[in-house]
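Chemist: I need the structure of the sequence given here:
(2 chains)
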Amino acid sequence: MSLFVIAYYTLLLIASCLAAYFNQRSAFLLVFGLTLISFIVGIVGGPGALAVIAIVAGILALAAMVSYAFREFMIAIASHDMAKELRTAPLTAAFGMFIIFTYAVAGIFAPWIAPHGEAEVIASAFAPADDNMLLGADQLGRDIFSRLMYGTRNSVGLALAATLLAFIIGALAGLLAATKGGWFDQFMGRFADVIMSIPSLIFALLMLSIFGPHIHVIIIAVAVIYAPRVFRLTRAVAGNVVVMDYIEAAKLRGEGNWYLIRREILPNSTAPLVAEFGLEFCFVFLLVAGLSFLGLGIQPPTADWGSMVRENATLISFGDITPLIPAAAIALLTVSVNFVVDWMLHRSSGLKEK
Amino acid sequence: MVKSKDVLLEIEDLQIQGYSDEQWIDIIKGVDLTLHRGEVLGLIGESGAGKSTIGAAAMGYARDGTRISGGSIEFDGMELTTATEEEKRSLRGNRIAYVAQSAAASFNPAHKIIDQHTEAPLHYRLKKRLEAQEDAMELYEKLRLPNPEEIGFRYPHQVSGGQLQRAMTAMAMSCRPDLIIFDEPTTALDVTTQIEVLAAIRDIVDEYNTAAIYITHDLAVVAQMADTIKVLLKGEEVEEASTKEMLDNPQEDYTKSLWAVRSFKRPQKERPKNDVPLISVRNVDASYTGGEKVLDDVSFDVYEGMTVAVVGESGSGKSTTARVITGLLPPSKGEVLFKGEPFPPDYRNRSKDQLRQCQMIYQMADTALNPKVQISEIIGRPAAFYQGLRGSELKSRVDELLDLIELEPSKYYNRYPPELSGGQKQRIGIARALAADPTFIICDEVTSALDQLVAEGILRLLDRLQKELNLAYMFITHDLATVRSIADEVVVMQHGQVVEQGPKEEMFKPPHHPYTDLLLSSVPEMDPDWLTTLLEERGVDNVGEAASSDIDPDAGKVQGTKI
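Modeler: Sure, this is the predicted structure:
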């Protein structure tokens, strides 16, 4: 038996005994459960399998510690009201916020972080990683790490712009429809139904092949596809607000629609809208990545995660994980945003933790 | 009535804490309570006194965010504070039942009433389904519900509020519990319907010798129902005594102040001679899109500086009249005159000045104030909108308004409505109406959601403002006690028609229109024998909905004869 195995079990047993002694029921069940599983895994898979468990547990623990520290950090620097809200955030949400923060830094400071240019050819095609290139080179010999950094800026920036536009169009239309009601409401509702009845990917492909794959065309096409969803949510939320007596009071005062929307309705419907924003952002992001993968999104040589997956796809058959790195970047961001959105949804729906 | 003297429920030194602002705060600070079998105990106090919390604790239940932190609750020899969830669950519904304030919100709208009724007996395997259904019909009959054979097979929304509340009482009775907790069962009902429910509850509790805790803030109601009364204030007991003793001879100052609430009354004003009425409603018919006529030939006048009370049951068209006057619902016939000039029927066509003249105060201050807007803006907006005040001028106007409604400006200026109590919110609602500098204010049930002490404060405030600012009020209410205290003239409405109108003093003197008579006689009085006497006089089948549907609004119309 190697020293590693002895240390591994000793550590687990000490941890479970401590947890039991301090009456930490869930922690004890977790640690001791892991100990029992490790017995079986250790017998079947040997020290190698135990090392994998230890590494995974270590990564999880690190992520949890980073999340915890990041949350405490935010609480420390935030204002009093914000700090109160942040204290309710679970670790997953803190983790999500940390990842989003990291992506934001990567995107904003890409030219300073990236060691090479976005389209700079510096090595032979598919060159393996070395001191100069952290993740190796792609099919044209460009540094993958640098392209990943620039890709953050392009992919996330594009998705953010498209989502924002979709929200401005959709939310405005929804608020107006709820306030005005009548035929305007009917017209907007049916119009949204028509757009929603067209399959989104096909609609986007159609628009891009008619107007050409320019950035602004992508943004507008995606915004048009997602605006009806925002419209429907906003209309439903605002519909619950406009029946309130304070809206009636404001109407009787003679206030115009714009004041009603801005001062009376919008402040009472922001929480679900913010949560929806995160959710829609993920969908938009995946759609843009999908369009790039199909070759109609962001055009080369501009770096973008969707097209990076496609360009390096051939490497997969040689057992190289390089094309999965941009894919993982997409997945990590989507999961992180969803963590944060989950927390916000939870708060806006008023559900209580049991 | 002879009561057996076994103790059923014994609560000793009960303490309950609630969680707010990240710390535990005492809500109930050591209350003792003893309830014998077959005894009815009335719990009264303002909202926030902890009545409902004690009611829930009697079932061993602590609501979300509260915990029972001390004392003991012993139900029929069983200690509930230490009992497991399993043990407590086997009591609930079976031996202890609960009747909530809003039956409409407590019934599941997706199931038939009888299916919800039989759920508990079936769950505890006390009866077979058919037996349980037969028993339900028997209970419905005892509670004098119409069509007892059939009514259970309807869905909750197909039954009126008063009937639903009785169906809920029947449901609580389904397992013949030893104890029922009534949590304000009639607060949301009209006075006429309230009588039926009260009579039904009292009979059935007597018949099965069930003990009951009756929670309410209405003293006159509790006087009819309870054998003993316990008065609570801020989680502490003020005093406890038998009903008769409590009414005749209250000991504590707080109890005396509760008793004195209904004494507020101001002298009736006479109409000014040879003057144009401020608001004149002329032969108005109105209906909601495509529906039946909700208002039928409604006419009345409101003079400057006077209060006109509009009374009637829910659904009689009181609020619709207000909507017609404000212009939210243009009438299909007739018109509204302001100082002799016709008001445009739709509010959108009214000028800023016309809109300013006529303001509204709402029943539910919670929905009437935007929760996300600061008090300073809620009150300041009308002043800025109509008078164009800005900056320091606006601030001094808001301060002046806050002073008028007796709230300290510096304390409330930057707060949000959810941070205020019900009475304070209602005051803000009044201030918002005043900010427009109106001549006419519609008060839509402004006191019905408030405790009596707070409501009286609001009434006094409105009265003072009327004197100072020469305002005219149209006071919509179903509470005749409010009418008695504040009105100058009364308009009685039924089924969208005005059945009687005239000066207040004459309205409270016979002869009445039969509907006015029904309304007047339905108001509970502080006499514990009032309900018994009334039922003897009128007969059990001649109260509430049954009686009001018998009255034809046109019959013996005495309108006009008194003016």
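Chemist: where does chain A dip in pLDDT?
Modeler: A:1, A:348-354 (pLDDT under 70).
Chemist: domain-wise, how is it divided?
Modeler: Following automatic domain parsing, chain A resolves into domains at A:3-74, A:106-348.
Chemist: export the ones you listed as JSON lines, with columns for mean neighbour count and distance to chain B.
Modeler: Where C-beta positions appear, they are placed from N, C-alpha and C, glycine not excepted. Formatted as JSON lines, the domains of chain A follow (neighbours: other CB atoms under 10 Å in any protein chain shown; distance: least, CB to the nearest CB, whole Å):
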{"stretch": "domain A:3-74", "mean neighbour count": "14", "distance to chain B": "17"}
{"stretch": "domain A:106-348", "mean neighbour count": "18", "distance to chain B": "4"}
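Chemist: nearest to A:Leu91, out of these?
Modeler: When the domains of chain A are compared by CB to CB, domain A:3-74 sits nearest A:Leu91, at 4.6 Å.
Chemist: the domains of chain A into TSV, with extra columns for distance to B:Ala212?
Modeler: Converted to TSV, the domains of chain A look like this (distance: least, CB to CB, whole Å):
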stretch	distance to B:Ala212
domain A:3-74	41
domain A:106-348	36
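Chemist: quick one: which helix or strand includes the residue in the stretch 1-150 of chain B that chain A sits nearest to?
Modeler: Nearest residue of the stretch 1-150 of chain B to chain A, counting by CB to the nearest CB: B:Asp64, 6.4 Å away. B:Asp64 is part of no helix or strand when elements are defined by DSSP states H and E.
Chemist: could you do the one 5 residues further on as well?
Modeler: Secondary structure assignment for B:Ser69, by DSSP H and E: strand B:66-75.
Chemist: dump the residue contacts of residue 345.
Modeler: All of this is about chain A. Contact analysis of A:Leu345 by CB atoms under 8 Å, 6 or more residues apart in numbering or on different chains lists A:272, A:275.
Chemist: oops, wrong one, chain B.
Modeler: Listed by CB under 8 Å, 6+ apart, the contact set of B:Pro345 reads B:327, B:330-331, B:335-336.
Chemist: ok, it to B:Gln363 distance?
Modeler: Going from B:Pro345 to B:Gln363 by CB to CB, to the nearest Å gives 24 Å.
Chemist: what does chain B put close to chain A?
Modeler: By CB under 8 Å from any CB of the partner chain, the residues of chain B that approach chain A are B:64-65, B:326-328, B:347, B:350, B:352, B:355, B:359-360, B:362, B:364, B:367-373, B:381-382, B:385-386, B:432, B:436.
Chemist: mark which of those are buried, thanks.
Modeler: Among the residues of chain B next to chain A, those buried by neighbour count (16 or more other CB atoms under 10 Å in any protein chain shown) are B:326-328, B:347, B:350, B:355, B:359-360, B:362, B:364, B:368-370, B:372-373, B:381-382, B:385-386, B:432, B:436.
Chemist: show only the entries of those found in strands.
Modeler: B:359-360 (DSSP state E).
Chemist: each with direction, which strands does the helix or strand following the strand holding B:Ser69 pair with?
Modeler: Toward the C-terminal end, the helix or strand that comes next after strand B:66-75 (DSSP H and E) is strand B:78-79. Sheet pairing here is set by DSSP bridges, and for strand B:78-79 it gives strand B:66-75 (antiparallel).
Chemist: CA atoms of the strand it pairs with as CSV?
Modeler: Presented in CSV, the C-alpha positions along strand B:66-75 are these (Å, rounded to 0.1, in the frame of the first residue of the first chain):
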residue,chain,number,x,y,z
THR,B,66,-41.9,31.8,13.5
ARG,B,67,-41.1,29.4,16.2
ILE,B,68,-42.6,28.4,19.5
SER,B,69,-39.8,29.3,21.9
GLY,B,70,-41.3,28.6,25.3
GLY,B,71,-44.3,27.5,27.4
SER,B,72,-46.5,24.5,27.0
ILE,B,73,-49.6,23.7,24.9
GLU,B,74,-51.6,20.8,26.2
PHE,B,75,-54.4,19.5,24.2
